[in-house]
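Undergrad: Sequence and predicted structure below; questions after.
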Amino acid sequence: MLMRIQMKKFTPQRIWILIAYTAAAAALFSAPLFVSDFRLNLLAKFLAFAIVALGLDLIWGFTGILSLGHGIFFGLGAYAMAMYLKLAASGGKPPDFMGWSGLKELPLFWQPFQNFWFAVAMGIAIPAFLALVLGYFTFRNRIRGVYFTILTQALVIITTTLLIGQQAFTGGTNGITGYSTVLGYSIGSPETKRVLYYVTVAALIAIFIFCRYVIGSRFGKVLRAIRDGENRVRFIGYNPAIYQMVVFTISAGIAGVAGMLFVLHVGIISPSMLGIVPSIEMVLWVAIGGRGTLVGAALGAILMNWAKSEFSTAYPQGWLFFMGLLFVVVVVFLPKGVAGLIGQIKFRRKRREPNHEGVRNPAV
Amino acid sequence: MKKRMFYQFSLLLVAVTIVLAGCGGNNNKTASTNGETDKATNTANSGSNAEGEIKVGILHSQSGTMAISEVSVIDAEMMAIDEINAAGGVLGKKIVPVLEDGASDWPTFAEKARKLISEDKVATVFGGWTSASRKAMKPVFEELNGLLWYPVQYEGLESSPNIFYTGATTNQQIVPSVSWLLENRGKKFYLLGSDYVFPRTANLVIKEQLKAEGGELVGEEYTPLGHTDYSTLISKIKEAKPDVVYNTLNGDSNVAFFKQLKDAGITAKDLTTLSVSVAEEEIRGIGVDVLEGHLAAWNYYQTTDTPANKTFVENYKKKYGDERVTADPIEAGYTAVYLWAAAVEKAGSVEVDKVKEAAKELEWDAPEGKVKIDGATQHIYKTVRIGEVQADGQFKELWNSGEAVKPDPYLKGYDWAASIQPTE
């Protein structure tokens, strides 16, 4: 997409888009100059959530696969990073929770996580691989729609039960927390936090551009075709299962990246963070922000979490009602989410003064 | 298509601006406390430097699964703050509570703890219930050198320089109760718990203790949190014929377990059960009829006979209604506020390091009896009490440890616990 923009002529509209791009990136990059450390940390967390939302939008908004199990992929990435951080804090010795659970030796599968880059690679590879396996068995057998969604929920239950049950290896319900350093830098210092924030912004932008590229490509067109008519795609001669598997795997890998960043900002991962409720919440962000628009998904994640944080501070007893109200308002008045709001306004204006474009733009 | 993208980006731009504006604006709000922030009860960003006020954070779950337990603790802490304020405050200043909702969600606890310390600049925080919430907050308090008072009995094996633990650790609840059961009720133990860290760790301790003190383990089961079908488990218990079921189930599961136990025709006369998470409040929820005669181990009951408790129970009922009951964590939350206030008075400052120093070996007449802060572990000396549920929903104390037991979170004083202690 980006390449095409550069190759084509610079119409005023494209210039505006580029300006908006640059301005948004500049605003994000300059945020540390304006906000307190606490707010920056919050924003960083929201941006990590925005990354999951991007991945989720790729499969739900553009391919029509609803996954209610993205908490798992997010969580697996987070656990991979948490294992590295915990080992960095304990100096390679078995972490504290292993001691309480009667484990004196560091288990074999923990050992390579002493290496940061190995942990990062696993944080992407494990969720992606799990998604590939699940995708292989489901999409190939043409399990789709609500049946696929139920399977993803089952995956959530299995994984959380496993994590809780294996307390000696995973920290149980408490999860993994109590980190000290990342790559030798103190994880609590404002400088490290700032760097981690920049890393998150860079990751968000990179993944955003990547997703834009994917949906703009031929591959992306097939994805949308699958969403709108899977059988037709099959009759034309494509194998939808391959496309679904690949996009599901990409989406899971993206969730893994977000999970790793989340742990770095929040300092804890536990099974409750990858359970059913968080998984559904992630889908809600995309729905609220505007399914089928990448910007909408990312915005949805940021706005919803921001609203949650602000409401619960202002009204600790009644904030859930405000969140509910927000959901109702969006569902009733903005069926296409926050990003759809702009489309609606534009559509109305267009009807009043029809321009030469005539037909309304498709949903992408 | 392009036009649409343009709108999307302008939307993104607007949103980012709003977020940043919101963030930036918040700092300025400090200066002008307007009507709006006053309306938002207890969250006034009026700055910590305001004359005559000391801000403290209260961080419990007000929504989600844990709210039902934690709201009562908030009530007790608010009551303690009101009482102290009515008596002139601390250091002549009024205590102003800042309430935040942990929402039964552990990262939220971490986020709100960070907010309370770095944005609201509170002098201390009273909060947490589940171990997971404490574990989530611990690194935040250590990083920012904050102060947390944690009011619930827990599995031990922790002592953070930035946390005071006013609930019992294992050697003030579980270990003595197991010894008492071995002496008075029999040797065969069945361990039943919810599947999370506290029951698993507690049972690890119990198993070592049974080995050392001549008990016998005849079964060990964990059920997921919120599990409600215990018929299979009860048959298993029947088959194993234990003398004692040591119950570390949490929340709703207790309702199901005790109801189904009664339906199976097993009463407290046939089988001893001792619970560590069933207090007066839970009895109301589960029903006295099914719980009568069953045992619990705590450090405080509403019936505990001390002068301080008489006024505490009276005031609590006067403030929140006659039907309300007090219980161990409620009392521990109340005690925490008073201990902090006493430490601040002694230190003459709210600075964390000075308060910690002043809190060492501090004594106070709590509703549960005399408590003392142990300087080394920052836990408190507590009296252990085993109680039996009576027909009126209250406990009758069957045994107590006589004197307040010194906290030993790592069980260093017990040879048999060597395998559980952290390797250093």
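TA: Great, that's in hand.
Undergrad: count of neighbours near the closest residue to chain B within chain A?
TA: Nearest to chain B, among the residues of chain A, is residue A:20, at 3.2 Å (Cβ to the nearest Cβ). C-beta: built from backbone N, CA, C; applies to glycine. When neighbours are counted by other Cβ atoms under 10 Å in any protein chain shown, residue A:20 registers 21.
Undergrad: Reduced to three states, what does residue A:250 come out as?
TA: helix (DSSP: H, G, I helix; E, B strand; the rest coil).
Undergrad: nearest residue to it other than its sequence neighbours?
TA: residue A:58 (6.6 Å; Cβ to Cβ, 6 or more residues apart in numbering or on different chains).
Undergrad: And residue B:234, by the same measure?
TA: Using Cβ to Cβ, 6+ apart and skipping the chain neighbours, the partner closest in space to residue B:234 is residue B:264 (5.0 Å).
Undergrad: show me the contacts for that neighbour.
TA: Contact analysis of residue B:264 by Cβ atoms under 8 Å, 6 or more residues apart in numbering or on different chains lists B:231, B:234, B:238.
Undergrad: From residue B:240, how far out is the second one?
TA: Read that as residue B:234. The gap separating residue B:234 from residue B:240 is 11 Å, by Cβ to Cβ, to the nearest Å.
Undergrad: Which one's more surrounded, those two?
TA: Using other Cβ under 10 Å, the more surrounded residue of residue B:234 and residue B:240 is residue B:234, with 19 against 15.
Undergrad: and residue A:33, what pLDDT?
TA: pLDDT, residue A:33: 91.
Undergrad: ah, wrong one, I meant residue A:14
TA: Reported pLDDT for residue A:14: 78.
Undergrad: do residue A:230 as well
TA: Listed pLDDT for residue A:230 reads 92.
Undergrad: contacting residues around it?
TA: Residue A:230 neighbours (Cβ under 8 Å, 6+ apart): A:64, A:144, A:240.
Undergrad: Which members of these additionally contact chain B?
TA: Checked against chain B using Cβ under 8 Å from any Cβ of the partner chain, those give no members in range.
Undergrad: Just the ones of these in helices?
TA: Counting by DSSP state H, those place residue A:240 in helices.
Undergrad: Report the lowest-confidence entry in the contacts of residue A:230.
TA: residue A:144 (84).
Undergrad: so that residue touches residue A:66, yeah?
TA: No. When contacts are counted by Cβ atoms under 8 Å, residue A:144 is not listed as touching residue A:66 (9.6 Å).
Undergrad: Up against chain B, what does the stretch 201-350 of chain A have?
TA: Residues of the stretch 201-350 of chain A lying near chain B (Cβ under 8 Å from any Cβ): A:266-268, A:270, A:272-273, A:293, A:295-296, A:298-299, A:302-303, A:306, A:309-310, A:312-317, A:319-320, A:338-339, A:341-343, A:346.
Undergrad: Just the buried ones from those residues, in ChimeraX syntax?
TA: Entered in ChimeraX, the line below selects the buried ones among these, by 16 or more other Cβ atoms under 10 Å in any protein chain shown:
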select /A:266,267,268,270,272,273,293,295,296,298,299,302,303,306,309,312,313,314,315,316,317,319,320,338,339,341,342,343
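Undergrad: in the stretch 201-350 of chain A, which spans are strands?
TA: Assigned by DSSP state E, counting those that start in this stretch, the strands in the stretch 201-350 of chain A fall at A:268-269.
Undergrad: Might you list the low-confidence residue ranges for the chain?
TA: If you meant another chain, say so; for now it's chain A. Applying pLDDT under 70 to chain A picks out residues A:1-10, A:342-343, A:345-364.
Undergrad: not quite, I wanted chain B
TA: B:1-51, B:422-424.
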